[in-house]
Each structure stands twice: as structure tokens, then as C-alpha cells.
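> My questions are about this predicted structure, shown below with the sequence.
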Amino acid sequence: MTIRAVVWDVDDTLFDYTTADREGMRAHLAIEGLLAGYAGAEEALVRWREITHRQWARFSAGEVSFEGQRRDRVRTFLGEELSDAEADAWFQRYVGHYEAAWSLFPDVLPALEALAASHRHAVLSNSSLTVQDRKLRTLGLFDRFETVLCAAELGVSKPEAGAFLAACEALGLPPHEVAYVGDHPEIDGRGAAEAGLLSVWIDRGAAYARAVGEVVAHRISTLAELPALVRADTRFGAPSTFG
């Protein structure tokens with residue numbers, strides 16, 4: 001089976017979101033004078049990430065809008081009944097610090113270069129086009145992708161099969177001719193596999209709860225492993241370390 005296209009996740013796959021979020025929020029909280037209520041910056045950061053994960057789950061489940069989950073993250077973190085405008089303003093102040101810390105992982109450009117002539121490329125993210133369009137342009141990646149699809153506009157998010165199939169449809173390819181690369185073993189790894197794509201989990205060491213049971217995704221620890229994998233397409237019969 002020939003893989004003709006690679007669809008990419010963005011955050012913590014191409015872009016080092018975790019580091020940018022931590023450094024940006026650390027700077028933001030210091031300037032806002034909010035660290036005094038915590039034992040240290042790490043405690044505040046852990047709470048921010050926990051709130052982010054909970055609110056993002058609500059967005060993924062269709063319970064709240066993309067903008068709404070941002071506002072609720074701020075309100076919950078601060079413990080204040082802020083207006084939409086106040087919550088938006090607080091979040092935008094954080095974004096300024098966050099964007100100052102943006103960077104790609106060092107294995108990204110070599111992998112994209114290695115596959116530039118042989119494979120088509122697209123993005124599928126559980127974010128919004130407004131956010132990821134700006135990010136990809138700022139990081140110099142936007143022109144490498146034929147299309148950028150995001151959950152906020154699609155109306156369906158990973159790990160639902162419809163999100164992955166929308167990316168395949170945008171490329172005009174059947175799922176078995178498309179690989180998906182993402183950092184989350186369930187949302188990306190299992191979701192892509194169950195939608196029929198060649199599923200590649202880039203394990204960057206995040207402390208995700210890993211699935212047990214049936215092996216469905218190919219685990220790689222660096223994108224340097226990706227070109228050989230998608231050119232061989234070993235989905236049938238080759239062992240994987242997913243799970």
C-alpha cells in the first residue's frame with residue numbers, strides 16, 4: 001500500500017507547545033502578580049494545565065465554543081466572574097508572552113524536507129484556523145501544507161473519525177493512502193488508526209495515559225524515523241510499540 005500524503009498535528013508535534021505555554025504563562029503570572037498565592041511557579045503552572053485540559057475536553061465534546069473554553073479557563077484559574085471582554089483581555093496578555101516563546105522542534109524541518117518531493121502534506125488540528133494559521137505563518141511552515149483543517153471550523157474534533165476523514169477528503173485521497181502524525185497516543189494515534197489512516201505516534205515524552213490492548217499505531221521517538229516508515233508503509237504485520 002502506498003502512502004501519498006502526510007497529515008500533521010501541530011501542537012507538540014511540529015511546534016513545541018508545552019514549552020511555549022509553560023514559559024509564556026510563567027512570565028505572564030509574574031507580571032500579573034499572581035504567583036504570591038502559590039507555593040511556587042510550578043504549582044501555578046500545574047493548575048493552569050489541569051484547567052486547560054478540562055476546558056479543552058468540554059470544547060472537544062461540543063459543550064462550549066473555542067472562545068468559550070478560553071474564557072472559562074481564565075475564569076476558573078482566577079476564581080472570578082469576569083465578563084467576556086475581561087477574560088479575553090487577560091488571555092491576550094498571556095498570548096503575548098506565549099508567542100514570544102514559540103519554536104519548532106529541531107527534527108521538524110529535516111523531516112519535512114525529506115518528504116517534500118515524495119509526499120503531499122496537510123494539517124489537522126483540534127484548534128482553530130485563526131490560531132493555527134498565524135502560528136504556521138510565524139514559524140515559516142504555512143506554505144508547506146496544501147490545506148489546514150481545524151476542529152473549530154470543521155465542527156468535529158479528533159479522535160472522531162470524521163475529523164480524519166475530512167482531511168483525507170480535502171486531499172482527495174482514501175484513508176489508506178494517508179498517514180497521520182501526532183503526539184497524543186489516543187486522540188491522534190488510536191483516532192487515526194480507527195479512521196483507516198496509517199497512524200504514527202511521535203512520542204515526545206509527555207506523560208499521557210497510554211492505551212492498553214490492541215496495537216494500532218506506529219510509535220516513533222523522532223521525526224527522523226518518519227520518512228522510512230511512510231515509504232515502507234508497514235501497517236500490515238510489522239510490530240509497533242504503541243500502548
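Right, received. Where do you want to start? Residues are numbered from 1 along each chain as shown.

> What helices and strands are in contact with the longest helix along the chain?
Taking DSSP state H as the criterion, the chain has its longest helix at helix 41-60. If contacts are counted by 3 or more C-beta pairs under 8 Å, 6 or more residues apart in numbering; DSSP states H and E, helix 41-60 sits against helix 17-32, helix 66-78. For the C-beta atoms, the positions are set from N, CA and C on the backbone; glycine is no exception.

> do you know which of these lies nearest residue 227?
helix 17-32 (23.6 Å; C-beta to C-beta).

> Now the closest one: average pLDDT?
For helix 17-32, mean pLDDT rounds to 93.

> so who does residue 17 touch?
Applying C-beta atoms under 8 Å, 6 or more residues apart in numbering, we find residue 17 in contact with 10-11.

> Count residues in the vicinity of residue 228, would you?
The number of residues packed near residue 228 is 11, by other C-beta atoms under 10 Å.

> tell me which element it falls in.
helix 226-232 (DSSP states H and E).

> related to what we said a few turns ago, please render the helices and strands packed on helix 41-60 as a markdown table that adds distance to residue 7 to the earlier fields.
Formatted as a markdown table, the helices and strands packed on helix 41-60 follow (distance: least, C-beta to C-beta, whole Å):
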| stretch | distance to residue 7 |
| --- | --- |
| helix 17-32 | 18 |
| helix 66-78 | 20 |
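
> Tell me where this protein has helices.
Using DSSP H, helices in the chain cover 17-32, 41-60, 66-78, 84-100, 108-115, 129-138, 151-154, 161-171, 191-194, 226-232.

> For the helix holding residue 228, which helices and strands make contact with it?
helix 108-115, strand 178-182, strand 198-202, strand 218-220.

> between these, which gets nearest to residue 55?
Comparing those by C-beta to C-beta, strand 178-182 comes nearest, at 20.3 Å.

> Relative to the whole chain's centre, how far out is that closest one?
12 Å (C-alpha atoms, centre = their mean, to the nearest Å).

> likewise stretch 99-112?
With C-alpha atoms, centre = their mean, you get 13 Å for stretch 99-112.

> likewise stretch 7-25?
Per C-alpha atoms, centre = their mean, the centroid offset for stretch 7-25 relative to its chain is 7 Å.

> ok, and for it, which residues are buried?
Neighbour counts over stretch 7-25 (16 or more other C-beta atoms under 10 Å) mark 7-17, 20-25 as buried.

> Of all the helices of the chain, which one is nearest residue 183?
helix 17-32 (9.0 Å).

> What is the neighbour count of residue 129?
17.

> what pLDDT does it get?
95.

> cool, the one 3 residues further on as well?
You'll see residue 132 listed with a pLDDT of 96.

> what's across from the spatially closest residue to it that is not a sequence neighbour in the sheet?
Spatial nearest neighbour of residue 132, chain neighbours left out: residue 125 (5.1 Å); criterion: C-beta to C-beta, 6 or more residues apart in numbering. Note on residue 125: beta-bridge partners by DSSP bridges are residue 150.

> Surely residue 125 and residue 7 touch.
No. Contact status for residue 125 versus residue 7: not in contact, 10.0 Å apart, counting by C-beta atoms under 8 Å.

> Map the structural domains onto the sequence of the chain.
5-16+103-232, 17-100 (automatic domain parsing).

> Just give the number of residues close to the nearest residue in space to residue 47 that is not next to it in sequence.
In space, and not counting its chain neighbours, residue 47 is closest to residue 77: 6.9 Å by C-beta to C-beta, 6+ apart. By other C-beta under 10 Å, 20 other residues sit near residue 77.
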